[in-house]
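>>> give me the fold of what follows.
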Amino acid sequence: MPTEEPVAGTHTRGEVATAARTRAADPQPRRFLPEVQALRALAVGIVVVYHLRPDLLPGGFIGVDVFFVISGFLITGHMLREVHSTGRLSLLRFWANRAGRILPAGLLVIGVTAVVAPLVVAPTEWEQLRRQALASVFYVQNWVLAGDSVDYLAADNAPTPFQHYWSLAVEEQFYLLWPLVMVLMAALAARWARRGGGRAPVDAFVLAGFGLVVVASFVWGLIESPRDPSAYFATTTRLWELGVGGVLAVLLRDTFRFPLARSALALAGLAGITVGAFVLTGAMPFPGVAALVPVLGAVAVVAAGRTRGPGSLTWLVDRSWVQWLGNASYSVYLWHFPVIICFMAVVDRRPSILESLVLVGATLLLSALSYRWVEQPVRRVARTHRSQPRVLVTAGAAMLVAGAVALVPGVHAAQYEREWREAAGSVAVEEGSGLGAEALGKDIPPAFVTDKPVIVPRLTDLDDELSRRYARCATGAAEDTTKECTFGKGERTLAVVGDSHVRMLATPLESIARSNGWQMVTYFHNSCPFSSEPRTIPNGPACVEANRATLERLLDDPPEVVVTSFYSGSKFRDPGTGSTPGVDGFEDVWERLERAGSRVVVVEDAPRPRKNVVECVASHTTDPARCGLSRARATKDNGLLAQAVAEANGIELLDLTDRYCGQDRCPAVIGNVMVYRDTNHITDTYARSLEPFLERALDLGAR
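Take a look at the predicted model:
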């Protein structure tokens, strides 16, 4: 990254030195731009550091933005030179050259990663590996990630080894669109000349066309980035960054005048990129206004050109290792991410400083090999090959072969599914089965109670394990009203109210209601505990308004029983009364319901697992005990509900912690059942195993 050389071929240190000796008065435009190579080296360096240790360089992701500007600048310069010299742009030649430059190394890394990654990555990730490997082969990875709403900048996100191909996909889509714009503008310029408009101003037309794309994309990015994290991957919000480089290529005239000013411009651009890498964070909307920092920084460095005199960094730019890293930056970008992600999959943590240095060394070695034996030879052949259609056909065939190799993780996933189905065929979680919560009763809860160490549900199905039947009844976090849903029929009503942590108990609660001839009415509101106090997150006021309306509906026709709970990780705003934030709000709504005649049962939240609980269990399916957490750590945030119940009148607390934990630890797998679907919700399967204990506590049949 970027996938375009600043000139044809590669360059030795002697050639760099020759460029350095170019006189200030030389009127010929330079064909070799060592400062652009150095900028590429900087960009790939900060990206690698960011992916290794984001705590050290939280804004290192902006290296990709720098690459975008460079790619737009270089590719537009190539196209302009061809249009100026021949009056036209050969699309076949352009796309054939791009295929020869991009595909060999890119497809090689995909193929190697597709074979190696399933050996170290958890089985739960194999199907995702297949999807993203295929998306990378055909350069649509950015849209796959956007569709999946992946937060690329989230610190706790678990990416695949292919995720970095999103930026290459954006570039490839740019390479499809940009020459078409160039051809259209050149045709309009020629038509202008034929109609008597004078000498065709090709550059003016091209500049106008590029400018429209840049402005439209930038405005769209400003609108979308703050409200949709998937905008980070969208080609529509990224085109302006590449387009700015294209505009610069049209406007820039090679000159050696004003050396002090040019040195100052280069230093300012370098400073902007460096400061941005340390100051910008993933919490900022991107690419929005913040993206101007790396984009304008890159523009400044490129526009400054070859500097000399006081303040010049030419002495650093011309270092052989800087130029080598710039030349090999595409290979470095390709290899570094799979190396890092596979290492993290093995050790289950981020690398230390020493380990990071070793990983950098491994990346540079792999990059040197692929650059020397793949990139350069294929590029030389593609450059001299005169049959562009044959090059494109060969490229298409290579993509199909790589696509077949990309299916390897899917083959592993299918085998995993077959083996699981065979083992799980006789495992049914129901009352009296002894599975799940029924396996508790010992200081150390057993992970397995069957002959075979099989875990249900299937770990690859955990996304469907949050009471999916009730998803249509869940209200979005930002809404100021809450949906009401009714299940079953009966003269008596069980109301279930609160956020997703009471929703995860809905399956057993509905079963209990039906078996006792009751109806269940739900008021589920994501990230909105049933309280009159606002949370500290932005939807706090909307949540309070929604809860007020829900409480009014409940008071209009009070249900016999109200069951509620909440995510214990929620934080409330300080009411300024001296009470613990959150206590007064819970006490208020509960007591109003109790005075109206409802029995209020408050269920303590489930203990919290370790953050990577799913990946851990998937990697240790025969010994999931190592994936548990101490009871003290798992329940450290619990207690607010108990405090509120203690201060309220007539409210019942149902604490099921002993149904999740032994005396000292809270396992991830109990009685063959996976307890957690993610970092804080239990699986619907485990919730069903809690039904006997919930039913005894609620005792609806006695009412």
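>>> the longest helix along the chain: which residues count as buried?
Ranked by number of residues, the top helix in the chain under DSSP state H is helix 91-120. By 16 or more other Cβ atoms under 10 Å, the buried positions in helix 91-120 come out as 94-114, 117-118. Every residue, glycine included, has its C-beta placed from N, CA and C.
>>> contact partners for the closest residue to Asp658 other than its chain neighbours?
Of all residues not flanking Asp658 in the chain, Leu440 sits nearest, at 6.9 Å (Cβ to Cβ, 6 or more residues apart in numbering). When contacts are counted by Cβ atoms under 8 Å, 6 or more residues apart in numbering, Leu440 touches 658-659, 662, 670-671.
>>> which members of the residues you listed are classed as buried?
659, 662, 670-671.
>>> sort out for me which of these are in strands.
Members of these lying in strands (criterion: DSSP state E): Ile670.
>>> in the buried ones among the contacts of Leu440, find the pair that's most separated.
The span of these, defined through Cβ to Cβ, is set by Gly662 and Gly671 at 12.1 Å.
>>> please identify every residue contacting each of those two.
Joint contacts of Gly662 and Gly671 (Cβ under 8 Å, 6+ apart) are 440, 445.
>>> so where's the stretch 1-150 of the chain uncertain?
Low-confidence regions of the stretch 1-150 of the chain, defined by pLDDT under 70, span residues 1-31, 149-150.
>>> got the contact list for the closest residue to Ala99 other than its chain neighbours?
Nearest residue to Ala99, sequence neighbours excluded (Cβ to Cβ, 6+ apart): Ala395, at 3.8 Å. Shown in contact with Ala395 (Cβ under 8 Å, 6+ apart): 96, 99-100, 103.
>>> now those as a markdown table including distance to Thr683?
Shown next, in a markdown table, are the contacts of Ala395 (distance: Cβ to Cβ, whole Å):
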| residue | distance to Thr683 |
| --- | --- |
| Ala96 | 52 |
| Ala99 | 46 |
| Gly100 | 49 |
| Leu103 | 42 |
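>>> mind giving me the packing neighbours of the longest helix of the chain?
The helices and strands touching helix 91-120, judged by 3 or more Cβ pairs under 8 Å, 6 or more residues apart in numbering; DSSP states H and E, are helix 126-137, helix 165-192, helix 329-347, helix 353-370, helix 376-384, helix 388-405, helix 408-424.
>>> pLDDT on the shortest one, on average?
This points to helix 376-384. The predicted model gives helix 376-384 an average pLDDT of 74.
>>> so Asp480 sits in a helix?
No. Using DSSP: H, G, I helix; E, B strand; the rest coil, the assignment for Asp480 is coil, not a helix.
>>> distance of it relative to Phe524?
Between Asp480 and Phe524 the computed distance is 15 Å (Cβ to Cβ, to the nearest Å).
>>> please parse the chain into its domains.
Following automatic domain parsing, the chain resolves into domains at 33-411, 432-464+610-634+661-685, 467-604+639-655.
>>> okay, the helix or strand hosting Leu554 in PDB with CA atoms only?
Per DSSP states H and E: Leu554 is located in helix 540-556. C-alpha atoms of helix 540-556 as PDB (Å, rounded to 0.1, in the frame of the first residue of the first chain):
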ATOM      1  CA  GLY A 540     -29.900   8.500  29.000                       C
ATOM      2  CA  PRO A 541     -32.600  11.100  28.600                       C
ATOM      3  CA  ALA A 542     -34.400   9.100  25.900                       C
ATOM      4  CA  CYS A 543     -34.300   6.000  28.100                       C
ATOM      5  CA  VAL A 544     -35.900   7.900  31.000                       C
ATOM      6  CA  GLU A 545     -38.700   9.200  28.800                       C
ATOM      7  CA  ALA A 546     -39.300   5.700  27.500                       C
ATOM      8  CA  ASN A 547     -39.400   4.300  31.000                       C
ATOM      9  CA  ARG A 548     -41.800   7.000  32.100                       C
ATOM     10  CA  ALA A 549     -44.200   6.000  29.400                       C
ATOM     11  CA  THR A 550     -43.800   2.200  30.100                       C
ATOM     12  CA  LEU A 551     -44.500   2.800  33.800                       C
ATOM     13  CA  GLU A 552     -47.700   4.700  33.000                       C
ATOM     14  CA  ARG A 553     -48.900   1.700  30.800                       C
ATOM     15  CA  LEU A 554     -48.100  -0.700  33.600                       C
ATOM     16  CA  LEU A 555     -49.900   1.400  36.200                       C
ATOM     17  CA  ASP A 556     -53.000   1.800  34.000                       C
END
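>>> tell me which residues in that helix are buried?
For helix 540-556, using 16+ other Cβ under 10 Å, the buried residues are 540, 542-544, 546-547, 550-551, 554.
>>> stretch 129-140 too?
129-137, 139-140.
>>> distance to Phe487 added to those, as JSON lines?
Listed next are the buried residues of stretch 129-140 as JSON lines, based on distance: Cβ to Cβ, whole Å:
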{"residue": "Leu129", "distance to Phe487": "38"}
{"residue": "Arg130", "distance to Phe487": "37"}
{"residue": "Arg131", "distance to Phe487": "35"}
{"residue": "Gln132", "distance to Phe487": "38"}
{"residue": "Ala133", "distance to Phe487": "42"}
{"residue": "Leu134", "distance to Phe487": "40"}
{"residue": "Ala135", "distance to Phe487": "39"}
{"residue": "Ser136", "distance to Phe487": "44"}
{"residue": "Val137", "distance to Phe487": "45"}
{"residue": "Tyr139", "distance to Phe487": "46"}
{"residue": "Val140", "distance to Phe487": "41"}
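>>> so what's Gly198 scoring on pLDDT?
Per the predicted model, pLDDT is 52 at Gly198.
>>> before we move on, what about Met504?
pLDDT at Met504 comes out at 94.
>>> and it, backbone torsions?
Phi and psi for Met504, reported as degrees, to the nearest 10, are phi -70, psi -10.
>>> now this protein, which segments are flagged as low pLDDT?
For the chain, applying pLDDT under 70 flags the ranges 1-31, 149-158, 196-200, 254-255, 382-386, 442, 702-703.
>>> quick one: residues contacting Pro609.
Contact partners of Pro609, counting by Cβ under 8 Å, 6+ apart, are 627-629, 634, 666, 668, 675-676, 679-680.
>>> give me the buried subset of these.
Buried members of the contacts of Pro609, counted by 16+ other Cβ under 10 Å: 627-629, 634, 666, 668, 675-676, 680.
>>> now, which of the residues you listed sits nearest Leu207?
Asn680 (52.6 Å).
>>> list the contacts of the residue nearest to that closest one when sequence neighbours are not counted.
The shortest distance from Asn680 to any non-neighbouring residue, by Cβ to Cβ, 6+ apart, is to Arg608 (5.9 Å). By Cβ under 8 Å, 6+ apart, the contact list for Arg608 reads 568-569, 629, 633-637, 679-680.
>>> make CSV out of the helices and strands packed on helix 91-120 and add distance to Val600.
What follows is the helices and strands packed on helix 91-120, written out as CSV (distance: least, Cβ to Cβ, whole Å):
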stretch, distance to Val600
helix 126-137, 42
helix 165-192, 48
helix 329-347, 45
helix 353-370, 52
helix 376-384, 71
helix 388-405, 57
helix 408-424, 39
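>>> how many other residues sit next to Ala632?
Ala632 has 11 neighbours, counted by other Cβ atoms under 10 Å.
>>> now do the same for it: helix, strand or coil?
Classification of Ala632 using three-state DSSP returns helix.
>>> from here on, count from 724
All set: I'll call the first residue 724, so the last point we hit is now Ala1355.
>>> need phi/psi at the closest residue to Ala1371 other than its chain neighbours.
Computed as Cβ to Cβ, 6+ apart, the closest residue to Ala1371 that is not its neighbour in sequence is Glu1310, at 4.5 Å. Dihedral angles of Glu1310 (phi, psi; degrees, to the nearest 10) stand at phi -60, psi -40.
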